[in-house]
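Peer 1: sequence below, structure please.
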Amino acid sequence: MAAVADAPSGRDAATAVPERRALVYDLVGLGLTLYARLAFRLRTVGDELRLERSTLLVANHPRESDPAVLAGALFSTVHPRPFRPHPLVHFMLRADLHERGFFAGMPRALPLWARRLLFPLGIGPILDGLLPCARIRTATTMLVADLVRAAPDAPLEELLPPDDVARLRERAERLGRPRPRLGRDADAGDYADLLWWVVRADDAPSPLAQELFGRRAGEARADLQHFVDLVRGGGTLLVSPEGRASPDGSLQPLRRGATLLVRRAKPERVRPLAVAYDPLTSGRTWAYVG
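Peer 2: Numbers count the residues shown, from 1 in each chain. Sure, this is the predicted structure:
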């Protein structure tokens, strides 16, 4: 998870944060805290966390609910006086969370009517403009959605591997829809879940797709540099080096970008955070943050 603005530290950081962003930050933090404490029985263990200059907070990612659990456990400790000037924790977020249609495409169990309803929605402008969050893109993978939106007038065969094209057209046939031919034809709620399939650079089917992956590599480098500048400037950055929530709760392999971030940003300190859940109880699940 990460930032959108310069990140001075200490008292300067508190006064430099735009007032509107600080207000939204505190409202979201309090909302996540309320949700987490209603949904889980929260318990914190270990030392109390304090915001310090040039700090990398590194958390595991066993569930999609982790951001709310972390906020519920830490917000009141890190920010005991909300709605007053204070430095912010910045968040590095997975790139697809910023995309229109995330809430329609990412959950696997949604019915088609819900995907159609949710597809036009996106929170990217809020994350990018009103919260200290920024995306981290990878150089070697893109979503089907990324490719069809990057070249909406290109034939699908030039953008996607054959299996992805076949899945889109099979869906259209099953729904009685016109056969999608161009990128723009596939950018619809009927295909929301298919748009969230991952395409690897090695599977790029044409020079056009390879060019799009080349652009993505440049964007990924810029994303990483943004986080490096943030930490070097004294900011506090929360990252999950696994990248995505674990499918079974166990620790996943760490992304290469996490190593590059530490080596290039040279944070003054790295603070580990651990999130764990214990559902084997009656009532609400226990959630622990250490």
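
Peer 1: can you give me the helices in this structure?
Peer 2: 10-16, 19-39, 66-78, 102-105, 112-118, 124-129, 144-150, 156-159, 162-175, 183-186, 192-195, 207-232, 256-265 (DSSP state H).

Peer 1: so which elements touch the longest one?
Peer 2: What that stands for is helix 207-232. When contacts are defined as 3 or more Cβ pairs under 8 Å, 6 or more residues apart in numbering; DSSP states H and E, helix 207-232 packs onto strand 133-136, strand 141-143, helix 144-150, helix 156-159, strand 236-239, helix 256-265. Every residue, glycine included, has its C-beta placed from N, CA and C.

Peer 1: return the most buried member of the ones you listed.
Peer 2: Among the helices and strands packed on helix 207-232, ranked by average contacts under mean count of other Cβ atoms under 10 Å, first place goes to strand 236-239 (a mean of 26).

Peer 1: who's in contact with that one?
Peer 2: 1-3, 7, 51-59, 70, 87-92, 227, 230-231, 258, 261, 267, 273 (Cβ atoms under 8 Å, 6 or more residues apart in numbering).

Peer 1: which among these end up buried?
Peer 2: Buried members of those, scored by 16 or more other Cβ atoms under 10 Å, are 1-3, 7, 51, 53-59, 70, 87-92, 227, 230-231, 258, 261, 267, 273.

Peer 1: just the residues you listed: which are in strands?
Peer 2: 55, 56, 57, 58, 59, 89, 90, 91, 92, 273 (DSSP state E).

Peer 1: correct me, but the last one touches residue 70?
Peer 2: Right, residue 273. Yes: checked against Cβ atoms under 8 Å, the pair residue 273 and residue 70 is within contact range at 6.8 Å.

Peer 1: which residue is the nearest non-sequential neighbour of residue 216?
Peer 2: residue 142 (5.7 Å; Cβ to Cβ, 6 or more residues apart in numbering).

Peer 1: what pLDDT does that neighbour get?
Peer 2: What the model reports as pLDDT for residue 142 is 97.

Peer 1: got it, and residue 7?
Peer 2: With respect to pLDDT, residue 7 scores 39.

Peer 1: same question for residue 12.
Peer 2: 42.

Peer 1: next one: residue 169
Peer 2: Reported pLDDT for residue 169: 98.

Peer 1: how close does it sit to residue 194?
Peer 2: Remark: distance between residue 169 and residue 194 (Cβ to Cβ, to the nearest Å) = 10 Å.

Peer 1: do residue 244 as well
Peer 2: Residue 244 is 18 Å from residue 194, by Cβ to Cβ.

Peer 1: more neighbours, the two?
Peer 2: More neighbours surround residue 194 than the other of residue 244 and residue 194, with 17 against 12 (other Cβ atoms under 10 Å).

Peer 1: list the residues that contact that one.
Peer 2: The contact partners of residue 194, by Cβ under 8 Å, 6+ apart, come to 144, 164, 167, 168, 171, 186.
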